[in-house]
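# Quick one, what's the 3D model for this:
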Amino acid sequence: MVENSNMSRSAVVIDPDYLKHDPGQFHPERPERLKVLLDLPKELDSQSFALLPPRAALRGEIEPCHTSDYIELVRSTSEKNRYALDGDTVTCRDSFGIGLLAAGGFLKLIDSIEASEFQNGFALVRPPGHHALRDRAMGFCLFNTVAIGAHHLKRHYGVERVMIIDWDVHHGNGTQDAFYQDPSVLYLSTHQYPFYPGTGAVEEAGSGKGEGFTVNIPLPAGCGDGEYLRVFEEIVMPIGAKFRPGWVLVSAGFDPHRSDPLGAMNVTEQGFGAMASMLLDLAERYAGGKIAFLLEGGYDLNALKNSVIAVLRRMEGESEPQPPVGIGGEAIQPLVRKVLDFQQKYW
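Here you go, the predicted model:
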């Protein structure tokens with residue numbers, strides 16, 4: 001494993017400091033989630049992957065997504081051993097700093113890809129971010145890392161079309177909210193519905209100039225590889241192709257895995273790998289290969305590690321047989337048709 005070798009095609013951001021965010025005993029978003037991934041760099045091909053150490057985000061880099069009062073509230077939790085920002089989101093003294101390190105790690109990955117040091121990458125960071133609202137923590141999330149990344153691309157690099165695909169089992173309400181009126185960011189979400197946080201209906205499609213640039217695909221519990229790949233083939237990929245993104249960001253939550261204790265889906269490691277492969281192809285066609293994956297949820301440790309490995313292998317260029325789309329996929333064809341019928345006036 002080499003560090004920052006420009007021989008490598010992909011970068012992986014990971015660091016032991018991410019273990020320092022500790023929401024308390026028995027909390028699902030526990031340090032062990034990152035601990036099981038720390039040895040991954042040693043297992044990766046150094047010709048394909050390089051380790052990219054994170055940096056902390058500056059306040060000015062997160063302020064486009066969060067109010068100053070909210071940032072100060074999270075900072076103030078550094079003075080307390082434990083603080084509950086909401087019923088699910090608990091901090092310790094290190095959490096504010098690690099939240100900045102999570103956002104900054106993703107920004108450093110984006111910067112390195114923009115500088116042509118790497119073609120793509122995966123930020124294995126915590127805490128997750130896609131539930132965090134402009135002025136409120138929510139669902140284990142402090143700062144909305146993927147939204148911060150999209151704003152960074154727009155402000156610093158002038159990227160005109162950013163596509164965010166969120167395959168976490170929970171709807172990314174914070175990310176949706178951040179770009180609900182913004183036509184420069186296409187937000188697509190596959191999620192279990194109805195489920196926490198209660199948002200993400202088909203009819204939530206954006207407002208004002210952003211109408212049509214939010215695409216929600218609310219899936220019933222029990223969906224597996226066939227259903228997810230059918231949705232990707234019939235909705236995500238065609239709409240993504242029409243949008244023609246200059247960049248692709250992936251909120252990669254692995255809680256749709258069949259073993260996850262919080263979700264009720266049946267996706268396998270191979271399913272995540274196949275979805276990643278499709279998105280890599282989309283980025284190759286329209287964005288010069290520029291795609292960054294970001295860790296969101298995933299709470300079964302073995303499933304999390306194996307699923308991350310499956311995505312990394314696809315980034316490495318390894319080809320595996322895709323699970324047949326037709327197995328079980330027909331069951332959600334009415335939902336696919338509903339989404340396409342609703343979206344046809346936009347796409």
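# can you give me the helices in the stretch 1-150 of the chain?
32-35, 40-43, 59-62, 68-76, 95-114, 145-157 (DSSP state H, counting those that start in this stretch).
# could the ones you listed be laid out in JSON lines, adding mean neighbour count, mean pLDDT and distance to residue 207?
Every C-beta, even on glycine, is put in place using the N, C-alpha and C of the backbone. Shown next, in JSON lines, are the helices of the stretch 1-150 of the chain (neighbours: other CB atoms under 10 Å; pLDDT from 0 to 100; distance: least, CB to CB, whole Å):
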{"stretch": "helix 32-35", "mean neighbour count": "18", "mean pLDDT": "98", "distance to residue 207": "35"}
{"stretch": "helix 40-43", "mean neighbour count": "14", "mean pLDDT": "88", "distance to residue 207": "40"}
{"stretch": "helix 59-62", "mean neighbour count": "17", "mean pLDDT": "98", "distance to residue 207": "24"}
{"stretch": "helix 68-76", "mean neighbour count": "15", "mean pLDDT": "98", "distance to residue 207": "22"}
{"stretch": "helix 95-114", "mean neighbour count": "24", "mean pLDDT": "98", "distance to residue 207": "26"}
{"stretch": "helix 145-157", "mean neighbour count": "23", "mean pLDDT": "98", "distance to residue 207": "17"}
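# got JSON lines for those, with distance to residue 192 too?
Converted to JSON lines, the helices of the stretch 1-150 of the chain look like this (distance: least, CB to CB, whole Å):
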{"stretch": "helix 32-35", "distance to residue 192": "20"}
{"stretch": "helix 40-43", "distance to residue 192": "27"}
{"stretch": "helix 59-62", "distance to residue 192": "28"}
{"stretch": "helix 68-76", "distance to residue 192": "28"}
{"stretch": "helix 95-114", "distance to residue 192": "24"}
{"stretch": "helix 145-157", "distance to residue 192": "19"}
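# For residue 15, find the nearest of the ones you listed.
Closest to residue 15 of the helices of the stretch 1-150 of the chain, according to CB to CB: helix 95-114, at 7.2 Å.
# tell me what that closest one is packed against?
In terms of contacts (3 or more CB pairs under 8 Å, 6 or more residues apart in numbering; DSSP states H and E), helix 95-114 is packed against strand 10-13, helix 59-62, helix 68-76, strand 120-123, helix 145-157, strand 291-295.
# between the ones you listed, which one is nearest to residue 30?
Using CB to CB, the helices and strands packed on helix 95-114 put strand 291-295 closest to residue 30, at 13.8 Å.
# average model confidence for that closest one?
Average pLDDT, strand 291-295: 99.
# and whichever helix or strand comes after that strand, how far out from the chain's middle?
Scanning forward in sequence from strand 291-295 by DSSP states H and E, the next helix or strand is helix 301-315. Helix 301-315 sits 14 Å away from the centroid of its parent chain (CA atoms, centre = their mean, to the nearest Å).
# what's the closest residue to residue 113 other than its chain neighbours in contact with, if anything?
Leaving aside its sequence neighbours, residue 113 sits nearest to residue 290 (CB to CB, 6 or more residues apart in numbering; 5.5 Å). The contact partners of residue 290, by CB atoms under 8 Å, 6 or more residues apart in numbering, come to 113, 114, 119, 120, 246, 247, 248, 283.
# roughly how far apart are residue 290 and residue 249?
Going from residue 290 to residue 249 by CB to CB, to the nearest Å gives 9 Å.
# can you put the helices and strands packed on helix 95-114 in TSV and add distance to residue 219?
Below are the helices and strands packed on helix 95-114 laid out as TSV (distance: least, CB to CB, whole Å):
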stretch	distance to residue 219
strand 10-13	29
helix 59-62	31
helix 68-76	31
strand 120-123	24
helix 145-157	20
strand 291-295	20
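# Out of the ones you listed, the one nearest residue 107 is which?
helix 145-157 (5.4 Å).
# Tell me how far that closest one lies from the chain's centre.
Using CA atoms, centre = their mean, the offset of helix 145-157 from its chain centre is 14 Å.
# Could you check the angle it makes with helix 95-114?
50 degrees (axes from the mean of the first three to the mean of the last three CA atoms, to 10 degrees).
# Run through the neighbouring helices and strands of helix 145-157.
For helix 145-157, the packing partners by 3+ CB pairs under 8 Å, 6+ apart are helix 59-62, helix 95-114, strand 162-166, helix 173-178, strand 247-252, strand 291-295.
# which residues sit against the last one?
For strand 291-295, the surrounding residues in contact (CB under 8 Å, 6+ apart) are 106, 109-110, 113, 120-126, 128-129, 145-146, 149, 247-254, 276, 279-280, 283, 308, 311, 315.
# returning to that earlier point: quick one: the residue nearest to residue 113 from residue 167, how far?
Distance from residue 290 to residue 167, by CB to CB: 19 Å.
# ok, back up a step: can you tell which of the helices of the stretch 1-150 of the chain is closest to residue 335?
Here helix 145-157 is closest among these (CB to CB), at 24.7 Å.
# Just want the angle from that closest one to strand 247-252.
Using the same axes, to 10 degrees: helix 145-157 against strand 247-252 is 170 degrees.
# what about residue 260, which SS state?
coil (DSSP: H, G, I helix; E, B strand; the rest coil).
# Residue 197 now?
The three-state label given to residue 197 by three-state DSSP is coil.
# how many neighbours does it have?
16 (other CB atoms under 10 Å).
# Can you tell me how far the closest residue to it other than its chain neighbours is from residue 147?
In space, and not counting its chain neighbours, residue 197 is closest to residue 173: 5.0 Å by CB to CB, 6+ apart. Applying CB to CB, the value for residue 173 to residue 147 is 11 Å.
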